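Student: Could you look at this predicted model? Sequence included:
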Amino acid sequence: MIPETKTDAVARALRETFGVAKYDDVRMMTAGLSNALVFRISVAGCPYLLRVIVKTDAAVGPGSGDQTHHFSCMRMGAEAGIGPKVWYTSVEDGISITDFVEARPFPRATALALMPGTLRVLHALPPYPTARVVPYIDGMGKLVQRFQAAGIVPESEAAELFELFGRAMECYPRDDSERVSCHNDLRPENILFDGHRVWLVDWEAAFINDRYVDLVVVANFLVASDAEEEAFLHVYFGEAPGEYRRARFYLMCQLLHLFYAAFLMVLAAKGRSIDSIANAPEFREFHARLRAGELDLGEEAVKVECAKVHIKQALLEMRAPRFEDALRVVAAQRNLQALAGLALL
């Protein structure tokens, strides 16, 4: 089950960690979206998660290159109590051993209560030691440009969609004050609930980023009303979010709708196109099914459907009065900050 090329490295990890050369039991969990193989192993009756990188060429994708940054972020999460305990890592061998979390059902109401606090702890982490600052918004904006140029979106929606998105991109601030240590991949499968606590796993995509990225990704799967959004942000910030934070959150929602659609169609579902978004499922219903594990984003058809869902939701939200209000509020705050900067000169 474990590749022959990695058996010696795994035996070395077991000896250094537990003083044994073999596990009692092993079961493959999932290959995931990276090049890692993930196993549930048992040693002396205790379960652990063994992660094995099988490729070392960074050009082939996430999880294939130097794991120094990944393992550093994973350890920081564990030390903060939001990631499973890390027992062993080897950058050279591409191997890690952590506690195995026996995941339980995570009811939406429970997740709404616990996730804002978990994100607050995550974003309070000091800058990652191998602090990798990625120009995420501008980088994803370039991907959306490729998406637009490919003509994947039906002509009946394309002009309006990309014009509104361009306005959100132009308005959204790039200030360093909101850049924190982020996870950046908080899909449901990377959030585990053991019946009492929340655990974040798979830290490969972690880097310094705008805090609203993590906030919106999690909210996409949980928040179902304006009242829930207000409560979600209130718990996260420890106070009423106020007009500016709500506006910035709303604009990030629009950016991520297009970022996800572009990623799914340009990089993941290459060669596919969208004939119509009229029959796309309702956004909350679709994300509830993703969260419940009823849909597999590894399937091409589900990727296309997910892109359609995000495009449809983006148009719905950017056509709403709240979009214009959010642009106005964020632009006004940026102008105030610019004037304050000039006053200091």
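Tutor: Yep, it's here.

Student: Mind pulling the model confidence for Asp298?
Tutor: Just so we're on the same page, residue 298 is Gly rather than Asp. What the model reports for Gly298 is a pLDDT of 85.

Student: what about it, distance to Ala268?
Tutor: 9 Å (CB to CB, to the nearest Å). No exception for glycine: its C-beta is placed from N, CA and C like everyone else's.

Student: which of the two has more neighbours?
Tutor: Ala268 (18 against 12; other CB atoms under 10 Å).

Student: For the closest residue to that one other than its chain neighbours, give me its contacts.
Tutor: Nearest non-adjacent residue to Ala268, counting by CB to CB, 6 or more residues apart in numbering: Lys303, 5.1 Å away. Going by CB atoms under 8 Å, 6 or more residues apart in numbering, Lys303 touches Leu264, Met265, Ala268, Ala269, Arg272, Leu297.

Student: Tell me the one among the residues you listed nearest to Phe165.
Tutor: Lowest distance from Phe165 to those (CB to CB) belongs to Met265, with 14.4 Å.

Student: Surely the closest one and Ile274 touch.
Tutor: Yes. Using CB atoms under 8 Å, Met265 makes contact with Ile274 at a distance of 7.2 Å.

Student: shared neighbours of the two, anything?
Tutor: Joint contacts of Met265 and Ile274 (CB under 8 Å, 6+ apart) are Ile152, Val304, Ala307.

Student: With respect to Thr17, which of these is nearest?
Tutor: Taking the shared contacts of Met265 and Ile274 together and measuring to Thr17 by CB to CB, the closest member is Ala307, at 42.2 Å.

Student: Look at the closest one and say how many residues are nearby.
Tutor: Neighbour tally, Ala307, other CB under 10 Å: 28.

Student: before we move on, back to that, buried subset of the contacts of Lys303?
Tutor: When those are checked for burial by 16 or more other CB atoms under 10 Å, the buried set is Leu264, Met265, Ala268, Ala269.

Student: where's Ala109, which helix or strand?
Tutor: Ala109 belongs to helix 108-123 when assigned by DSSP states H and E.

Student: which secondary structure elements does that helix contact?
Tutor: Contacts defined by 3 or more CB pairs under 8 Å, 6 or more residues apart in numbering; DSSP states H and E place helix 108-123 against strand 179-182, strand 191-193, strand 198-200, helix 211-222, helix 226-237.

Student: State the mean pLDDT of that helix.
Tutor: Mean pLDDT, helix 108-123: 98.

Student: For it, C-alpha coordinates in CSV please.
Tutor: The C-alpha coordinates for helix 108-123 follow below in CSV (Å, rounded to 0.1, in the frame of the first residue of the first chain):
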residue,chain,number,x,y,z
ARG,A,108,-24.3,23.8,10.7
ALA,A,109,-25.5,25.5,13.8
THR,A,110,-22.5,24.1,15.8
ALA,A,111,-20.1,25.2,13.0
LEU,A,112,-21.6,28.7,13.0
ALA,A,113,-20.9,28.9,16.7
LEU,A,114,-17.4,27.5,16.7
MET,A,115,-15.8,28.5,13.4
PRO,A,116,-15.5,32.3,13.9
GLY,A,117,-13.5,31.7,17.1
THR,A,118,-11.3,29.1,15.3
LEU,A,119,-10.6,31.6,12.5
ARG,A,120,-9.8,34.3,15.1
VAL,A,121,-7.1,32.0,16.7
LEU,A,122,-5.8,31.1,13.2
HIS,A,123,-5.5,34.7,12.2
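
Student: Which of the residues in the very next helix or strand once past it are classified as buried?
Tutor: Of the helices and strands lying after helix 108-123 in sequence (DSSP H and E), the nearest is helix 136-149. Under the neighbour-count criterion of 16+ other CB under 10 Å, helix 136-149 has Tyr136, Ile137, Met140, Gly141, Leu143, Val144, Phe147, Gln148 buried.

Student: From Arg27, how far out is the first one?
Tutor: The span separating Tyr136 from Arg27 equals 35 Å under the rule CB to CB.

Student: At which residues are the helices of the stretch 201-345 of the chain located?
Tutor: Taking DSSP state H, counting those that start in this stretch as the test, the helices found in the stretch 201-345 of the chain are 211-222, 226-237, 242-262, 283-291, 300-318, 321-344.

Student: among the ones you listed, which gets the worst mean confidence?
Tutor: Among those, helix 321-344 carries the lowest mean pLDDT (a mean of 88).

Student: quick check: angle from that one to helix 226-237?
Tutor: Angle between the axes of helix 321-344 and helix 226-237 is 30 degrees (criterion: axes from the mean of the first three to the mean of the last three CA atoms, to 10 degrees).

Student: hmm, who's touching the host helix or strand of Ala11?
Tutor: Element membership of Ala11 [criterion: DSSP H and E] is helix 7-18. Contact partners of helix 7-18, identified using CB under 8 Å, 6+ apart, comprise 2, 20-23, 43-44, 50, 52, 87-88, 90, 93-95, 97.

Student: And the next helix or strand past it?
Tutor: strand 25-30.

Student: which helices and strands does that next one pack with?
Tutor: Applying 3+ CB pairs under 8 Å, 6+ apart, one finds that strand 25-30 makes contact with strand 36-43.

Student: can you state the direction angle for the strand it packs on and strand 25-30?
Tutor: Between strand 36-43 and strand 25-30, the angle comes out at 150 degrees (the same axes, to 10 degrees).
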